[in-house]
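Chemist: task: produce atomic coordinates for the following.
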Amino acid sequence: MRWIYAADIAPADKNGDVMIRSLKVALGALFLIGAYLVLWPTPVSPVAWDAPVSKGYSGDFAPNAKLANMSLISLDGAIGPEDIVAKIEDGELSLYTSTQSGAIYEIDPITKEISEFAQTGGFPLGLEFAANGNLLVADAYLGLLEVTPEGDIRILTSSVEGDPIRFADDVDIAPSGIIYFTDASTRFGAERIGSPLAASQLDIIEQSQTGRVLAFDPQSGETTIVADGLGFANGIAVSSDGTTLLVAETGTYRVVKIDIADGSKPIPVLTNLPGFPDNINVGPTLPDGTPTYFLGLAGPRVPILDNLSNRPFLRKITSRIPTWARPETVHYSLVLQFTEDGNILQTWQDPDGQFTSTTGAISPGDGYLYISSVDADSIGRVPFP
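Modeler: As a prediction, the model looks like this:
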């Protein structure tokens, strides 16, 4: 019989020890990850809701490639032409767009030359010209602003009934002169969270639906609440008769109509959209007198959020996942034209999403449709109609 010495079994024991230590490290890491996902503080307190079952890109949204080969107008390094507005003066067309740097640029669509028109020092999003020639700006950090033709800026309002405006998003003006604008979320202020994108993501995960529509009266200087309880109130447009507002609820994939006199009962116009609705801009009137509007979908819906819509605890866990560990963002470019009764006339799409986060579109009558984006470095355009 051969004697078994310690030297004979030491290598095996050492290998076993290494395996045990490795297993302990792996289990420890899993425990820490689990504890982080369950216990780490997060600002969101998700609310259960029933997300509509997505129909995807079908029916009125059947895929096409109308945006696949759009021409681009470079912003010379600036990022995020969130909204575009047109101004015609002495027969000359100029475009104005907001950017993430706080700058608002004036663009010659013929020469493609750009120049800085104003610098808000905040984060301008929605733009609209008033009858007096001043530019109205919904600034996510500062509130509702007014910019003169010379580029001078003043804050029209930054609070309502003593409550700060935390996320001014889009703006339009009624024939009466009253300015209507959205405060996307009263839970997640864009500046406090760090950016409009970060704040919007938290709000959509939480679904507490604290967005609201505000009105500013230039004559009295008074700001009032028209409607609240909206699922991330984003784009806004005054209806053709000036009595109602069309508002995009990004978090619930829909556009609603709100009565200006009584905003307590929003009426759905577009529902179960295949992506996140963003800006609403007035489009051309049809030959029969029907007004139309353009709407941008900033990106496709996120299946995990829909699947967990009525499971707030699991949505809270997803809010703790670091940005770098989340699934890669899927890009899908899409803008659409619709009527006040919810009839979709046409869509412009690029399934490859080469022009990302299409937030909206305008058609100033020069034969083009101009496409805005929250994170592109250019303005896109395609022939229109």
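Chemist: is residue 305 in contact with residue 205, as I believe?
Modeler: Yes - counting by Cβ atoms under 8 Å, residue 305 touches residue 205, with 6.9 Å between them. (Glycine included, C-beta is placed from N, CA and C.)
Chemist: what residues are up against the residue nearest the centre of the chain?
Modeler: What sits nearest the mean C-alpha location of the chain, by Cα atoms, centre = their mean, is residue 278, with 5.0 Å. By Cβ atoms under 8 Å, 6 or more residues apart in numbering, residue 278 lies in contact with 234-235, 248, 250, 295-298, 358-360, 374.
Chemist: what's the first helix or strand after the strand or helix carrying it?
Modeler: Assigned by DSSP states H and E, residue 278 belongs to strand 275-282. Using DSSP H and E, the helix or strand that follows strand 275-282 in sequence is strand 292-300.
Chemist: next secondary structure element downstream of that following strand?
Modeler: Following strand 292-300 in sequence, per DSSP H and E, is helix 303-307.
Chemist: partners of the helix or strand hosting residue 382, with directions?
Modeler: Assigning secondary structure by DSSP H and E places residue 382 in strand 378-383. Under the criterion DSSP bridges, strand 378-383 sits next to strand 71-74 (antiparallel), strand 368-373 (antiparallel) in its sheet.
Chemist: and it, how far out from the chain's middle?
Modeler: On the basis of Cα atoms, centre = their mean, to the nearest Å, strand 378-383 is displaced by 19 Å from the centre of the chain it belongs to.
Chemist: buried set for that strand?
Modeler: For strand 378-383, the buried set under the neighbour-count rule, 16 or more other Cβ atoms under 10 Å, comprises 378-382.
Chemist: okay, that strand in CSV with CA atoms only?
Modeler: Taking C-alpha atoms only, strand 378-383 is exported to CSV below (Å, rounded to 0.1, in the frame of the first residue of the first chain):
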residue,chain,number,x,y,z
SER,A,378,-28.4,69.4,-37.0
ILE,A,379,-31.9,70.3,-38.2
GLY,A,380,-33.4,67.8,-40.6
ARG,A,381,-35.6,68.7,-43.6
VAL,A,382,-37.5,66.9,-46.3
PRO,A,383,-39.7,68.2,-49.2
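Chemist: show me the strands in the stretch 51-200 of the chain, by range?
Modeler: With DSSP state E, counting those that start in this stretch, the ranges of strands along the stretch 51-200 of the chain come out as 71-74, 84-89, 92-98, 103-107, 114-119, 124-129, 135-139, 143-147, 153-157, 159-160, 163-164, 168-173, 179-183.
Chemist: need the ones you listed in JSON lines (columns: mean pLDDT, mean neighbour count and distance to residue 196).
Modeler: As requested, the strands of the stretch 51-200 of the chain are exported to JSON lines (pLDDT from 0 to 100; neighbours: other Cβ atoms under 10 Å; distance: least, Cβ to Cβ, whole Å):
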{"stretch": "strand 71-74", "mean pLDDT": "96", "mean neighbour count": "15", "distance to residue 196": "23"}
{"stretch": "strand 84-89", "mean pLDDT": "96", "mean neighbour count": "17", "distance to residue 196": "17"}
{"stretch": "strand 92-98", "mean pLDDT": "97", "mean neighbour count": "20", "distance to residue 196": "11"}
{"stretch": "strand 103-107", "mean pLDDT": "98", "mean neighbour count": "21", "distance to residue 196": "15"}
{"stretch": "strand 114-119", "mean pLDDT": "97", "mean neighbour count": "16", "distance to residue 196": "17"}
{"stretch": "strand 124-129", "mean pLDDT": "98", "mean neighbour count": "26", "distance to residue 196": "7"}
{"stretch": "strand 135-139", "mean pLDDT": "98", "mean neighbour count": "27", "distance to residue 196": "10"}
{"stretch": "strand 143-147", "mean pLDDT": "98", "mean neighbour count": "23", "distance to residue 196": "14"}
{"stretch": "strand 153-157", "mean pLDDT": "98", "mean neighbour count": "16", "distance to residue 196": "18"}
{"stretch": "strand 159-160", "mean pLDDT": "98", "mean neighbour count": "16", "distance to residue 196": "19"}
{"stretch": "strand 163-164", "mean pLDDT": "98", "mean neighbour count": "12", "distance to residue 196": "16"}
{"stretch": "strand 168-173", "mean pLDDT": "98", "mean neighbour count": "26", "distance to residue 196": "8"}
{"stretch": "strand 179-183", "mean pLDDT": "98", "mean neighbour count": "27", "distance to residue 196": "12"}
